[in-house]
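In: Build the 3D model from these lines:
(one chain, ligands or ions: 1)
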Amino acid sequence: MQMTFVALTIAGSDSGGGAGIQADLKTFQELGVYGTSALTAVTAQNTLGVHGVYPLKASEVEKQICAVMDDFPVTAIKTGMLFSVDIIRKVVHTLKHYQAQALIIDPVMIAKGGASLLQNEAIQALKEELLPLASIITPNIPEAELLAGMKITTAHDIERAAEILLETGVDAVVMKGGHLDNQDFAEDLFMSSNGRKFKLRSERIHTKDTHGTGCTFSAAITASMAKGKSMEEAVMIAKDYIHVAIKEGLHLGNGHGPTNHWA
Ligand code: PLP
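Out: Presented below is the predicted three-dimensional model:
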């Protein structure tokens, strides 16, 4: 019988299906991993933006994580939208109990349309309490600026910010360079605490249908790590996956359509 790998996503729901829990579960499925989920918040959302945010109680998030972890052989976990200090603290407390083999943090903060998906006071808790438990964090440039407490404009700044994040105890950082103003390519930087450093470069795709890019990328890393791949391999597979998913983005709705990856 074929081995079934299981991953858990702890994240918010996007009613439009392009980001959050929905993007994570679709990505796990596409990459041959059984997906489980613990919802942190429900959002009323479509391709035009976020119309409402309804967080769950921290104890309700904990109950879901325990229900999954007590029953399924989960080999990798990712976090997405965590919203509040209370939820972050409860997730940290619960994950310490289960000692995740691989923990991928997508530090979701602000949706493309500007809606806040992480309260300001929660940024510090994410950095100081969650990152020390994690294998990989995948910030985009605006998220890295807030977490590292510095402005990022050059390649040198990106490395410096990655070093600051590694000081928290996280094993590796993937700095997503997609937000930098380069017309020809999208370049990310991988840096780990054991001294591995490399760049991942892909041709830039000019499209507005990029909703859910960050969620899908970190979910693809999580799926590969759930299958036992190393951090480096998982990040390279995820880069190829997201490149295709942006290329095949769907022109759905009237705003930013979702990234998409059919088998
Ligand atoms: N909604 C939820 C629940 C998310 O987790 C995310 C992820 O970043 C977003 C919205 C934002 O998606 P995007 O900025 O790609 O539109």
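In: hmm, who's touching stretch 99-106?
Out: 11, 74-80, 95, 126, 130-131, 133-138, 170, 214-215, 217-218, 221-222, 225-226 (CB atoms under 8 Å, 6 or more residues apart in numbering). Placement of C-beta: from N, CA and C, glycine included.
In: Swap in 7 Å and give it another go.
Out: 75-80, 95, 130-131, 133-138, 214-215, 218, 221-222, 225 (CB atoms under 7 Å, 6 or more residues apart in numbering).
In: Please apply the same query to stretch 225-244.
Out: Contacts of stretch 225-244 (CB under 7 Å, 6+ apart): 5-7, 33, 75-76, 102, 104, 135-136, 171-172, 174, 188, 190, 192, 196, 200, 202, 213, 216-217, 220-221, 224, 261.
In: can you map out the helices along the protein?
Out: For the chain, helices defined by DSSP state H occupy the ranges 20-30, 58-69, 85-98, 122-125, 141-148, 155-166, 213-226, 231-247.
In: ok, D171 touching M191?
Out: No. The criterion here is CB atoms under 7 Å, and D171 misses it with M191 at 10.3 Å.
In: Name the residue in those two with the higher neighbour count.
Out: It is M191, of D171 and M191, that has more neighbours when counted by other CB atoms under 10 Å, with 20 against 17.
In: The nearest residue to that one once chain neighbours are set aside: what's it in contact with?
Out: Nearest non-adjacent residue to M191, counting by CB to CB, 6 or more residues apart in numbering: A162, 4.4 Å away. A162 sits next to 173, 175, 189, 191 when contact means CB under 7 Å, 6+ apart.
In: can I get these in JSON lines with distance to L250 and pLDDT?
Out: Below are those laid out as JSON lines (distance: CB to CB, whole Å; pLDDT from 0 to 100):
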{"residue": "V173", "distance to L250": "30", "pLDDT": "98"}
{"residue": "M175", "distance to L250": "27", "pLDDT": "97"}
{"residue": "L189", "distance to L250": "29", "pLDDT": "96"}
{"residue": "M191", "distance to L250": "33", "pLDDT": "98"}
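In: follow-up on the earlier one: if you go by neighbour count, which of the contacts of stretch 225-244 are buried?
Out: By neighbour count, with 16 or more other CB atoms under 10 Å, the contacts of stretch 225-244 hold 5-7, 33, 75-76, 102, 104, 135-136, 171-172, 174, 188, 190, 192, 200, 202, 213, 216-217, 220-221, 224, 261 as buried.
In: Next up, phi/psi of the residue positioned nearest the centre of the chain, please.
Out: For the chain, the residue sitting closest to the mean C-alpha position, by CA atoms, centre = their mean, is D106 at 2.8 Å. Dihedral pair for D106: phi -100, psi 110, per degrees, to the nearest 10.
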